[in-house]
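[1] I'd like to go over a predicted model; first the sequence, then the structure.
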Amino acid sequence: MIKAADMVIGLAMGDEAKGKVANHLVKNGDYTHVIRFCGGANAGHTIYHNGNKIVTHSIPVGVIHGVKSIIGSGCVLNPEAFFAELKELNEAGIDTEDKVFIAANAHITTDCHLEEDRKDTKIGTTKRGIGPTYRDKYAREGLLAKDVPELAPYIIDLYEELHNNQQGDTVILCEGAQGFGLDIDWGDYPYVTSSHCTTAGALLNGIPPQAVRKVYGITKAYDTYVGAKDFHGEGRVFDLLQSLGKEFGATTGRPRQCNWLNVRDLKKAIDINGVTDVIINKVDILREVGEWNLRSSDNNAIMLKLGSEVAWKQYIRRLLNDNTNINVVFSESPERI
């Protein structure tokens, strides 16, 4: 039976360092399973393990620590990309045998989906076929992972694995992809992904609500976005943020547009996802830039100039703990919380 489930949720528009946080939690936690619950090969989670940089796309970070890692029913999967990722992990010294699994009812990205997505010019997608795959899923025209012969060794029944585990209580870490600001229901539509990036989205992978123990919400000290809409702030300071923060997509290599952290959107994401712990990454980059500003709306003219790091942190703590007791962590390390 499921004893507990923790969530790693992106609170912005992806690229918040969810992989780093998930890796830290698995390394130091009691998890029996890690589940990627949304998205597909459009994700790029950067992890530093034993001094080596590893980027995962579909496979959860649990495999790095020998924990059963499942591509969940809420995900879409490109078989060719999956096998390539397995090979990369094995070549990096990660033992994936009997540790990586795929939910039988995950949907498959085909060559037709990839070809269609490459034609996108409106949204600015990663060209990984994600949107067309989800469209066919909801049109009930999709292909399930269990129906692809070469995936047979990896297929599991998610219900049986999580709820009827004969090896004792199940403790799950749900590793999210993308972020709340890209969620199909809550993001800035149509500049969104095609899946549910929320705590509720994680539950769709067979997890009862009462099992939720912790919800870790991840963001950065400033906002970034990759896509077709105009997001980059006006002024050289945002180019400096991009440069110092090495803001280039882990999957596409595209430069990320930068702006000040939007605290209104951050509070909204925290409230809707039931976040218990907030990790704000890359505070050191903001320190290098030397400006401690926040946005309170999509209008860049409405900006909060806090003047110092202490005042900036105090403002965020007061805002997030206005109605609830949320643990706020300001992080600077690329490897740990």
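    Yep, that arrived.
[2] Look at residue 152 and say how many residues are nearby.
    Neighbour count for residue 152, taken as other Cβ atoms under 10 Å: 11. To be clear about C-beta, it is placed using only N, CA and C from the backbone, and glycine gets the same treatment.
[3] wait, is it part of a strand?
    No: per DSSP: H, G, I helix; E, B strand; the rest coil, residue 152 lies outside any strand segment and is helix.
[4] what's the burial count for residue 117?
    20.
[5] Now do the contacts for it.
    Going by Cβ atoms under 8 Å, 6 or more residues apart in numbering, residue 117 touches 125, 127, 128, 129, 130, 131, 132.
[6] let's go with 6 Å and repeat that
    With contact set as Cβ atoms under 6 Å, 6 or more residues apart in numbering, residue 117 has these partners: 125, 127, 129, 132.
[7] In a markdown table, list those along with pLDDT.
    Output for those, formatted as a markdown table (pLDDT from 0 to 100):
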| residue | pLDDT |
| --- | --- |
| 125 | 78 |
| 127 | 85 |
| 129 | 91 |
| 132 | 93 |
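[8] what's the pLDDT at residue 299?
    As summarised for this prediction, residue 299 has a pLDDT of 60.
[9] among the contacts of residue 117, who's most crowded?
    residue 129 (26 neighbours).
[10] Verify the stated contact: that one with residue 112.
    No: using Cβ atoms under 6 Å, residue 129 is not in contact with residue 112, being 8.3 Å away.
[11] contacts for stretch 181-193?
    By Cβ under 6 Å, 6+ apart, stretch 181-193 touches 12, 13, 14, 178, 180, 194, 197, 198, 227, 229.
[12] hmm, 7 Å instead?
    Here stretch 181-193 makes contact (Cβ atoms under 7 Å, 6 or more residues apart in numbering) with 12-14, 39, 123, 130, 178, 180, 194-198, 227-229, 265, 272.
[13] Just the buried ones from those residues?
    With neighbours counted by 16 or more other Cβ atoms under 10 Å, these contain buried members at 12-14, 39, 123, 130, 178, 180, 194-198, 227, 265, 272.
[14] Out of these, which sit inside helices?
    Residues of those located in helices (DSSP state H): 130, 265, 272.
[15] What distance do you get for the first one to residue 195?
    As judged by Cβ to Cβ, to the nearest Å, residue 130 and residue 195 stand 8 Å apart.
[16] which residues do the two both contact?
    Common neighbours of residue 130 and residue 195 (Cβ under 7 Å, 6+ apart) are residue 39.
[17] If you rank every helix and strand of this protein by mean pLDDT, what lands last?
    Least confident element among the helices and strands of the chain, by mean pLDDT, DSSP states H and E: strand 45-49 (a mean of 84).
[18] just checking, residue 90 touches residue 96?
    Yes: using Cβ atoms under 7 Å, residue 90 makes contact with residue 96 at a distance of 5.9 Å.
[19] For these two, indicate the residue with more neighbours.
    Set residue 90 next to residue 96 and count neighbours by other Cβ under 10 Å: residue 96 wins out with 18 against 12.
[20] Is the more buried one located within a strand, as I assumed?
    No: judged by three-state DSSP, residue 96 forms no part of a strand; its state is coil.
[21] Relative to residue 288, which of the buried ones among the contacts of stretch 181-193 is nearest.
    Nearest to residue 288, judged by Cβ to Cβ, of the buried ones among the contacts of stretch 181-193 is residue 12 at 19.9 Å.
[22] quick one: low-confidence ranges for the protein?
    Within the chain, the stretches with pLDDT under 70 are 250-251, 298-302, 323.
[23] all helices for it, in order.
    Taking DSSP H as the test, the helices found in the chain are 18-28, 79-91, 111-117, 130-138, 158-163, 199-203, 236-244, 263-273, 283-289, 309-320.
[24] Buried ones in the first one, by neighbour count?
    The reference is to helix 18-28. 18, 19, 20, 21, 22, 23, 24, 25, 26, 27.
[25] looking just at contacts, which helices and strands does it meet?
    Judged by 3 or more Cβ pairs under 7 Å, 6 or more residues apart in numbering; DSSP states H and E, the packing partners of helix 18-28 are strand 2-10, strand 45-49, strand 170-175, strand 212-220.
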